[in-house]
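Participant: A structural model of the following input is requested.
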Amino acid sequence: MVLTASERSSKITVHGAVPGGERPTTYDATVGSIIRCGVELQQQRFVLRPRQIVWIVSAETFELGNSTTGLATLKTQWTHQGVLALNVGVVDPGWNGPLAAAVVNLSNSEFVIEHGMPFFRILFHKHKVVPASQLTPVTVTRPDYVRQVIGHSKSFASTFLDMDDLSRTVADTVLGMPRWGLLLSFIAVVLGLLAISIPVGVSIWTDGSDAEAKIASLETKIAVLETKLSPPQIDPKTCRQTKLRDQVIMVCPKPK
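Facilitator: I've put the predicted structure just below:
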């Protein structure tokens, strides 16, 4: 049976309760401590960036009797904005201490967490009394519980869900050898292209040089032929008239 606000007072005690936390059938625990990477943050508000994780400890402590079990869930207002809790669940009978949750921002937007804002909604169930032989009461003061949570938070790397860091790690570790293989393949292809292009280039340059030499030789031969085929240059002043068979002809000396 779910306990209402009036019924809870005789079954559980909420130390440090705030009036705004009381609901008809639940109680809204508020933010008391914000812990990240093993450090309790002292500022009043913390901006939780996408893919960041923090631990939150309630400002209240909850003392449950031997006939009451609690069920803690993250508030819907948080989940609707992409913030999820990694460890929500049951509060056992005999528990006397604060509650905590590790929350992660899975959205693409920043989420502001402030001291005193509600984060947990706790539902209390009444059941048969748990026999003393089966009940293990646990009492933890808030300072001790905060120290425990600080220890737990150290086990989470600061790069938890950091996609940029994960990408670098995957590229450097998992894909390290393939990357080297691709690099070596690229170098081999470049060397192969050079091995082909250099001889071809030299051949083209050599053929070009031979062609120029052949053209020059042909030009020289053509000039010689033109000289031989051109009519001789005769100076009329060196010629004289003579008569041959009753015809007057000009006789010129052979050009030198």
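Participant: tell me the SS of residue 116?
Facilitator: Reduced to three states with DSSP: H, G, I helix; E, B strand; the rest coil, the structure at residue 116 is coil.
Participant: so who does it touch?
Facilitator: By C-beta atoms under 8 Å, 6 or more residues apart in numbering, the residues touching residue 116 are 18, 30-31, 59. In short, each C-beta sits where N, CA and C put it, glycine included.
Participant: could you work out the most separated pair of those?
Facilitator: Pairwise distances across the contacts of residue 116 (C-beta to C-beta) peak at 11.3 Å, for the pair 18 and 31.
Participant: quickly list what's touching both of the two.
Facilitator: Counting by C-beta under 8 Å, 6+ apart, the contacts common to residue 18 and residue 31 are 59, 116.
Participant: correct me if wrong: residue 137 contacts residue 96.
Facilitator: Yes - judged on C-beta atoms under 8 Å, residue 137 makes contact with residue 96 at a distance of 7.0 Å.
Participant: between those two, who's got more neighbours?
Facilitator: Using other C-beta atoms under 10 Å as the criterion, residue 137 and residue 96 rank with residue 96 on top: 17 against 14.
Participant: is it true that the more buried one touches residue 136?
Facilitator: No - Residue 96 is beyond contact range of residue 136, at 11.7 Å (criterion: C-beta under 8 Å).
Participant: please identify the buried residues of stretch 59-75?
Facilitator: By neighbour count on 16 or more other C-beta atoms under 10 Å, the buried set for stretch 59-75 is 59-66, 68-70, 72-75.
Participant: can you list which of those residues are found in strands?
Facilitator: Among the buried residues of stretch 59-75, the residues falling in strands (DSSP state E) are 61-64, 68-70, 72-74.
Participant: any chance of the residues you listed in JSON lines, with pLDDT too?
Facilitator: Shown next, in JSON lines, are those (pLDDT from 0 to 100):
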{"residue": "61", "pLDDT": "96"}
{"residue": "62", "pLDDT": "95"}
{"residue": "63", "pLDDT": "95"}
{"residue": "64", "pLDDT": "93"}
{"residue": "68", "pLDDT": "93"}
{"residue": "69", "pLDDT": "95"}
{"residue": "70", "pLDDT": "94"}
{"residue": "72", "pLDDT": "94"}
{"residue": "73", "pLDDT": "93"}
{"residue": "74", "pLDDT": "95"}
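Participant: for the stretch 101-250 of the chain, which segments count as helices?
Facilitator: For the stretch 101-250 of the chain, the helices defined by DSSP state H, counting those that start in this stretch cover 142-154, 163-169, 176-229.
Participant: rewinding a little: what about the contacts of residue 116, which one has the most neighbours?
Facilitator: residue 30 (21 neighbours).
Participant: and that residue, how far from residue 5?
Facilitator: Residue 30 sits 16 Å away from residue 5, taking C-beta to C-beta, to the nearest Å as the criterion.
Participant: try residue 34
Facilitator: Distance of residue 34 to residue 5, computed by C-beta to C-beta: 28 Å.
Participant: and for residue 122?
Facilitator: 12 Å.
Participant: more neighbours, those two?
Facilitator: Neighbour count, other C-beta under 10 Å: between residue 122 and residue 5, residue 122 has more, with 23 against 13.
Participant: that one against residue 26, yeah?
Facilitator: Yes - here residue 122 lies in contact with residue 26, judged by C-beta under 8 Å, at a distance of 6.0 Å.
Participant: ok, back up a step: joint contacts of residue 122 and residue 5?
Facilitator: Counting by C-beta under 8 Å, 6+ apart, nothing touches both residue 122 and residue 5.
Participant: count of neighbours near residue 17?
Facilitator: With other C-beta under 10 Å as criterion, residue 17 counts 16.
Participant: do you know the pLDDT at the nearest residue to it once chain neighbours are set aside?
Facilitator: Once flanking residues are discounted, residue 17 sits nearest to residue 60: 5.8 Å by C-beta to C-beta, 6 or more residues apart in numbering. Here, the pLDDT recorded for residue 60 equals 96.
Participant: look up which residues are beta-bridged to residue 45.
Facilitator: Beta bridges link residue 45 to residue 114, judged by DSSP bridges.
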